[in-house]
Each structure stands twice: as structure tokens, then as C-alpha cells.
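K.L.:
Everything below, folded, please.
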Amino acid sequence: MGLLTPLAVRIGALSWMPKLLPQVVTVDTTLQRVTKGRVSLLDVAGLPNLTLTVPGRKSGIPRSTPLLCVPHDGKWLIAGSYFGGPKMPLWVGNLRATETAEITIGGRTTTVRWRELEGAERARMWQVMLRSWPNYAKYEARTDRLIPVFLLERA
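P.N.:
Below you'll find the model as predicted:
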């Protein structure tokens with residue numbers, strides 16, 4: 001956690017953030033491109049993060065999305081929260097359509113396998129995720145959909 005993490009938590013809790021997410025992602029993607037993947041908005045906020053790259057399920061074109069992540073036992077947890085918005089993030093469908101993905105952390109790219117968590121395992125890992133990003137509870141309350149949780153591990 002960094003000096004700006006408390007501010008990031010407050011901003012992330014704002015109810016109107018889902019409307020700004022496309023602009024936030026654009027700024028973050030640009031920052032990562034300029035820094036060759038070494039710096040993201042989540043880095044500036046002092047939060048653990050990765051860039052997930054998966055082929056588009058229709059186009060096959062690689063799509064990259066910066067995401068908050070929770071490192072856990074040498075693996076990574078990610079959630080399709082979209083700030084609690086009503087729609088599922090596009091990357092979720094793309095990930096579900098492939099067996100492996102790439103993640104970039106600090107400029108280093110790794111191929112990963114993924115597994116969507118369900119039931120009691122999802123509930124346990126959700127609690128782990130809440131310790132890193134308490135706003136997940138707000139996102140869960142904001143939406144009628146179940147926020148998917150994925151566990152990524154090196155392939």
C-alpha cells in the first residue's frame with residue numbers, strides 16, 4: 001500500500017465511477033504503453049495490479065486490460081467487478097473463451113492458466129480480496145450480478 005492508497009479507495013467507492021471506467025482504462029492503457037508496462041494508475045495508487053491480455057472471443061485480436069489483482073500463494077486473484085456496474089466486463093467473456101492468458105506485471109509477461117472460482121472457494125477468496133480492496137463489498141452491493149472471481153497461475 002502506498003501513500004495514495006486511501007485516496008484510491010475513496011475514489012473507487014464513488015457510485016458514479018462505473019460511468020468513468022472507459023476513460024480511466026484509456027488513460028491507464030496509455031500510461032502503461034508509454035512506460036512499457038512499468039507504471040499504471042494502480043501503481044501510482046499503491047495497489048497490486050496486472051495487465052491481462054486475452055484474445056477477443058470474436059475477433060481473435062489480443063485485448064489488454066489493466067486490473068487490480070490480489071497476489072495469493074504465488075498466484076493472482078482478479079474480479080470482474082467493473083466498479084459494481086450492471087454489465088459484465090468484456091474481458092470476462094474473452095477469458096472464459098480461452099484456456100490460457102498472458103499477464104504483465106512490472107513490465108514482465110507471463111502465460112497463465114485460469115480457473116473461475118465458485119461456491120465456498122469463491123466465498124473464501126472473496127474475503128481475501130476484500131482485505132486488499134474493501135470496495136469490492138460496495139461493488140457487490142451495487143449490482144444484481146454475481147461478480148466473477150478468477151484464480152490465475154503460471155502455465
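K.L.:
Run a quick neighbour tally on Pro148.
P.N.:
Neighbours of Pro148 under the rule other CB atoms under 10 Å: 18. For glycine as for every other residue, the C-beta is placed from the backbone atoms N, C-alpha and C.
K.L.:
where does Trp91 land on pLDDT?
P.N.:
We have a pLDDT of 96 for Trp91.
K.L.:
SS state for the residue nearest to the spatial centre of the chain?
P.N.:
Geometric centre of the chain, nearest residue: Leu67, 2.8 Å, by CA atoms, centre = their mean. Using DSSP: H, G, I helix; E, B strand; the rest coil, the structure places Leu67 in strand.
K.L.:
shouldn't it be in contact with Leu47?
P.N.:
No. Proximity of Leu67 to Leu47 does not meet the contact threshold set by CB atoms under 8 Å, at 10.3 Å.
K.L.:
which of the residues in the longest strand belonging to the chain are buried?
P.N.:
When the chain is parsed with DSSP state E, its longest strand is strand 108-116. For strand 108-116, a neighbour-count test (16 or more other CB atoms under 10 Å) marks Val112, Trp114 as buried.
K.L.:
And the contacts of that strand?
P.N.:
By CB atoms under 8 Å, 6 or more residues apart in numbering, the residues outside strand 108-116 that reach it are 37, 53, 76, 95-96, 99-104, 148-155.
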